[in-house]
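>>> Pasting the sequence and the predicted model now:
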Amino acid sequence: MRFSLYSPPYPPGLKINAMLISVSLIALTVILGVRAYSVARVHLVESKALVERDVPLQDLLFALDSALNAKQLAEKKWAITRDPVYAKLIAKYRDTILKEAKAINLLRPGLIPAVRAKTSVFELRETVKHAQEVLSQERETNVRHASDAAAGLLRLILVAVVLSIVITAWMMVLFYHGLIRPLRHLRDATTRIREGDLSCRMRAEGLTELREIAQDFNSMAARLESLDQAKNEFLATISHEIRNPMAALKEGLSLLSSEERKLSIESQKKCLSACLIASKRLEFMINNLLNLSKTGSGIFEADFSNRNLSSAIQTAVDEVRPLAEKKTIALRLVAPETVLAFFHWDGVVQAFVNLLLNAIKYGLEGSLIEVSVGVSDWPSAGVQVDVTNSGVDIAKDELSKIFDRFYRGANSVKQQGMGIGLHVVKKVVEAHRGDVNVSSESGKTRFRVRLPVKIVQQRSIVVSEVQL
């Protein structure tokens, strides 16, 4: 099963997208805010100028024009009546005109020319008219500037709205195609995995983070599928492996307990020998399973104690010697007499039994299996145990998998086994804070186990060898 995700043309990283959207929104807000502030400031300055200068000027010009009208009317009446009252009014209005003109020039220098007593009413009217036209033009200019600024601000707002729509669309596409949709697919895929469809896979598309999650999900699914397959193979194998010795035990014990068939002493010995071999095979399989369970649960380390590691390795050699003799393979152990270490006796014995059985199983008939124990400086003072046999080389691509649970290499097709022997070796060695590795070339395969130890006495060397 594969899910297909549409990949929109946006940068792949969620972090990059979030940064771009944030920067875009901040830049848009700053530009719009600066522009609005600039327009508002211009309007504020112009309004302040109108209140502080233009309105008083208009009032003064109106007062000046009124005084001119009053003076002109008084001059006409004085010319007719020659009444001294009108002469006084003319003088009064003249003083008012001079005063208003002076106030206008103080408020706006140069707006009107200097006014003298002899200046005619006609000249003064033209001056007032010109001043009013100047103020009107300035107001129109200010209004036009304000209108242009408002139009520019409106255009900027429209651009901001368009950009906001684009950014919002970007976010919608990002969240839907980049997050929501693939997360739904991931949810569906995990549901199918939970329901047992381990073949479910996701296509690594979309944002970088989700690509990585999809890749990890596929690796997990592949691992689960592999383990499930290995589990099925393991159950089938162990069923087959247990059935044979159990059948042998059942048949042998049936013959021995039969009252109808009286077996000779020689036949009884052979029957007991077959039962013993079958029980040994069962014991070996059960010990592997128990050690595998103990190392995984942490119970294993509870039985650690100070013992002689050389004796444990010698015990393992003695246990597999009959199988080596059956295949005409010689065993040679070269080790210090005493290697005092803190370890689990049954676990270490089982681990080296597994290594030796593996060497016997894949070793050539008439060859030599050598077990050598020496001092190691990895990573501090310790012991190094090499188990070397002659046989077909292990492929290089299998060396990294050979210690995996349930793994069986190409050379093991014709051999019986459950694929957990070497895995038990690795788990036991790791439980002892050690290390195990394998190398295979030129017809020689060597397993090297390195363990931390307390005391190594090298003056006495134990050499145990079976020559066939």
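Structure received. Numbers count the residues shown, from 1 in each chain.
>>> Any regions of the stretch 51-200 of the chain where pLDDT drops low?
51-53, 114-121, 176-178 (pLDDT under 70).
>>> One more pass at 50, please.
Applying pLDDT under 50 to the stretch 51-200 of the chain flags no residue at all.
>>> just the helices in it please.
55-81, 84-107, 121-173, 181-194 (DSSP state H, counting those that start in this stretch).
>>> And those: which comes nearest Val375?
Nearest to Val375 among these is helix 181-194; the distance by CB to CB comes to 49.3 Å. C-beta coordinates here come from the backbone N, C-alpha and C atoms, glycine included.
>>> so what does that closest one touch, helix or strand wise?
Packing partners of helix 181-194 (3 or more CB pairs under 8 Å, 6 or more residues apart in numbering; DSSP states H and E): helix 208-257.
>>> and Val436, what helix or strand is that in?
strand 435-441 (DSSP states H and E).
>>> Val353 too?
With DSSP H and E as the criterion, Val353 is inside helix 345-362.
>>> how much does that helix deviate in direction from strand 435-441?
Helix 345-362 and strand 435-441 are oriented at 10 degrees to each other (axes from the mean of the first three to the mean of the last three CA atoms, to 10 degrees).
>>> and helix 345-362, which residues are buried?
Applying a neighbour-count criterion of 16 or more other CB atoms under 10 Å, one finds 345-362 buried in helix 345-362.
>>> model confidence over that helix, on average?
Averaged over helix 345-362, pLDDT sits at 87.
>>> Now the element after that helix, going C-ward?
strand 368-376.
>>> Which positions within that following strand qualify as buried?
Buried residues in strand 368-376 (16+ other CB under 10 Å): Leu368, Ile369, Glu370, Val371, Val373, Ser376.
>>> need the helices of the stretch 51-200 of the chain in a markdown table with mean neighbour count and distance to Thr445, can you?
As requested, those are exported to a markdown table (neighbours: other CB atoms under 10 Å; distance: least, CB to CB, whole Å):
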| stretch | mean neighbour count | distance to Thr445 |
| --- | --- | --- |
| helix 55-81 | 16 | 107 |
| helix 84-107 | 16 | 110 |
| helix 121-173 | 13 | 57 |
| helix 181-194 | 15 | 38 |
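>>> Could I get the ones you listed in a markdown table, plus columns for distance to Asn389?
As requested, the helices of the stretch 51-200 of the chain are exported to a markdown table (distance: least, CB to CB, whole Å):
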| stretch | distance to Asn389 |
| --- | --- |
| helix 55-81 | 112 |
| helix 84-107 | 115 |
| helix 121-173 | 62 |
| helix 181-194 | 42 |
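>>> can you tell me which of the ones you listed comes nearest to Leu272?
Counting by CB to CB, Leu272 lies closest to helix 181-194 out of these; the figure is 51.3 Å.
>>> chain center to that closest one, what's the gap?
18 Å (CA atoms, centre = their mean, to the nearest Å).
>>> do stretch 54-74 as well
With CA atoms, centre = their mean, you get 82 Å for stretch 54-74.
>>> again, but for stretch 327-345
That offset, for stretch 327-345, works out to 47 Å (CA atoms, centre = their mean).
>>> Mind listing what's buried along that stretch?
By neighbour count on 16+ other CB under 10 Å, the buried set for stretch 327-345 is 329-333, 335-336, 338-339, 341, 343-345.
>>> any idea which of these is the one closest to Thr29?
Among the buried residues of stretch 327-345, His344 lies closest to Thr29 (CB to CB), at 67.9 Å.
>>> what two of the buried residues of strand 368-376 are the furthest from one another?
Going by CB to CB, the pair spanning the buried residues of strand 368-376 furthest: Leu368 and Ser376, at 22.9 Å.
>>> Please read off the pLDDT at Arg448 from the model.
Confidence for Arg448, expressed as pLDDT, is 93.
>>> sorry, back to before: after the strand holding Val436, which helix or strand is next? Please name it.
strand 444-452.
>>> quick one on the thing from earlier: same for the strand holding Val436, what does it pack against?
helix 396-399, helix 421-431, strand 444-452.
>>> So in that sheet, which strands flank it, and in what orientation?
strand 444-452 (antiparallel) (DSSP bridges).
>>> residues in contact with the strand it pairs with?
309, 341, 343, 351-352, 355, 358-359, 362, 376, 378, 380-391, 393-394, 425, 429, 432-440 (CB atoms under 8 Å, 6 or more residues apart in numbering).
>>> Isn't Val134 up against Leu111?
Yes: look at Val134 against Leu111 with CB atoms under 8 Å: they come within range, at 6.6 Å.
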